[in-house]
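A.B. asks: Need a 3D model of the following:
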Amino acid sequence: MINRRFTLAPMMDWSDRHCRYLWRLISKHSVVYSEMVTTAALIQGGKHERHLGFSEVEHPIALQLGGSAPADLGHCAKLAEDWGYDEVNLNCGCPSDRVQEGKIGAILMAEPELVADCIKAMQDACSIDVTIKHRIGIDDMEDYADMCCFVEAIAATGCKTFIVHARKAWLQGLSPKENREVPPLRYPLVHKLKQEYPELEIIINGGLKSLDDCEEQLQEVDGVMVGREAYSNPYLLAEVDKRIYKDEHPIPDRMTIYKQYLDYCGEQLLDGHKLNFMSRHVLGLFQGQPGARQFRRHISENIHKTGAGIEVMEDAAAFIR
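C.D. replies: Next up is the predicted model:
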C-alpha cells in the first residue's frame, strides 16, 4: 500500500533517476515520480534501461506515461510492473505544444471517455496501482462541473487516485512555463472535489513552497505533490518524514547528504553516466547557506571542462562554511 501523503512531481528533464536518488537520501517515505515517458519512446525506441531503469532505494516509485492509445498504454503499464515500479500514472496535465500534437497530456481532458478507456487498458494489463494526474480544466471548460465529469468517467473504471494540479491549462497562447505560473491557483476547487467524492484519494499539486503550505493542504485533501520547489531547494525534504509521516529518525545534515551523493556519482561514472547530468541536481542543496553561491558557481563553471571529474564536486564542498 503506497502512502501518498507527500509526493514528488514528475518533471521533464529534471526528475531523472539521479535526482530521485538525491531526494531519497533526504526523505525515505516520499513517493517519487519519474519524468513522463511516452508510449512511443518505449514501444518504438526500445531503450528500456534508459527510460525505465532506477535504483532499488528509490521505492516507492511511480512511472508516469504519456499517450492516448489504450493498447499502447496497456503494454507500457505491464512494462512498468515488470520493471518493478510501484505505480503507473497517466499524464493528463502537460500543456506543451509538442505533447498536444501527439495527443498527450492536458488535451486529453476534453475526451474523458477516451481517458477512461486508457485507464481501463492499463488496469487490465497490470496489478500495480494505476493513477492519473490532471488539471482542474483546459481552455474554456467550465472548471468545476467539467472537472467532475472528467473525474467521474475515470472513477467509473475503479481508478481511485487523482493528482490534481490546481490550475487550468491554456492550450493556446501560453507556454508550458507560463501554464505553471499564469493561470491562478484554485485550491478550493480541489478541496471541494475531495468533499464531494470522499471515496477517492485526492492529491493536490501546484504552488506549494513549504512544509507549512503542505500541512495546511493536508487538512483538506489526502496528499500533496511538490515539484519545482523540491528541485531548487531539495533540503525542503529534510523534515518530511518527521512532519508528514511521523517518523522520528534523525534528520541528515546537508553535508552528509552531499557526501553520500558524491559516492553515488562515483559509482554511476563507472557505469557510463555523465557527471554533468548528476551534478546539476545538487546545486540547490545548500540554498541559503554561507558559501552556497560560490559552491554553485564552482560546479557550473568547471563541470563541463575537458577531463573534469568527481574532484570538481569534491572541491566545491570547501566553499560551504
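A.B. asks: use CA for all of it now, contacts and neighbours both
C.D. replies: Will do.
A.B. asks: In stretch 274-290, which residues are buried?
C.D. replies: Of the residues in stretch 274-290, 275-276, 278-287 count as buried by neighbour count, 16 or more other C-alpha atoms under 10 Å.
A.B. asks: same thing with stretch 80-91?
C.D. replies: So, applying 16+ other C-alpha under 10 Å, buried residues of stretch 80-91: 80-81, 84-91.
A.B. asks: what ranges of the chain fall below the confidence cut-off?
C.D. replies: For the chain, the stretches flagged by pLDDT under 70 are 97-101, 173, 176, 179.
A.B. asks: for it, what spans make up the strands?
C.D. replies: 6-8, 31-38, 61-66, 87-92, 129-138, 161-169, 201-205, 223-226 (DSSP state E).
A.B. asks: contact partners of the last one?
C.D. replies: Residues from elsewhere that reach strand 223-226, judged by C-alpha atoms under 8 Å, 6 or more residues apart in numbering: 4-9, 163, 201-209, 214, 217-218.
A.B. asks: ok, back up a step: CSV for the strands of the chain, including distance to residue 52?
C.D. replies: Below are the strands of the chain laid out as CSV (distance: least, C-alpha to C-alpha, whole Å):
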stretch, distance to residue 52
strand 6-8, 17
strand 31-38, 9
strand 61-66, 8
strand 87-92, 12
strand 129-138, 17
strand 161-169, 22
strand 201-205, 24
strand 223-226, 21
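A.B. asks: so of the buried residues of stretch 274-290, which ones are in helices?
C.D. replies: If you go by DSSP state H, the buried residues of stretch 274-290 have 275-276, 278-279 in helices.
A.B. asks: of those residues, closest to residue 64?
C.D. replies: Nearest to residue 64 among those: residue 278, at 21.0 Å, using C-alpha to C-alpha.
A.B. asks: Show me what the longest helix seen in the chain is packed against.
C.D. replies: The helix that spans the most residues within the chain, counting by DSSP H, is helix 254-270. Packing partners of helix 254-270 (3 or more C-alpha pairs under 8 Å, 6 or more residues apart in numbering; DSSP states H and E): helix 17-26, helix 275-279.
A.B. asks: right, so of these, which gets closest to residue 102?
C.D. replies: Closest approach to residue 102 among these (C-alpha to C-alpha): helix 17-26, 24.9 Å.
A.B. asks: Residue 95 contacts residue 103, doesn't it?
C.D. replies: No. With contact defined as C-alpha atoms under 8 Å, residue 95 does not reach residue 103; the gap is 10.4 Å.
A.B. asks: and these two? which has more neighbours close in?
C.D. replies: residue 95 (26 against 16; other C-alpha atoms under 10 Å).
A.B. asks: Give me the phi and psi for that one.
C.D. replies: phi -100, psi 10 (degrees, to the nearest 10).
A.B. asks: hey, where'd the helices end up in the stretch 51-200 of the chain?
C.D. replies: 70-82, 97-101, 112-125, 143-155, 176-179, 187-196 (DSSP state H, counting those that start in this stretch).
A.B. asks: Fine by me, thanks again.
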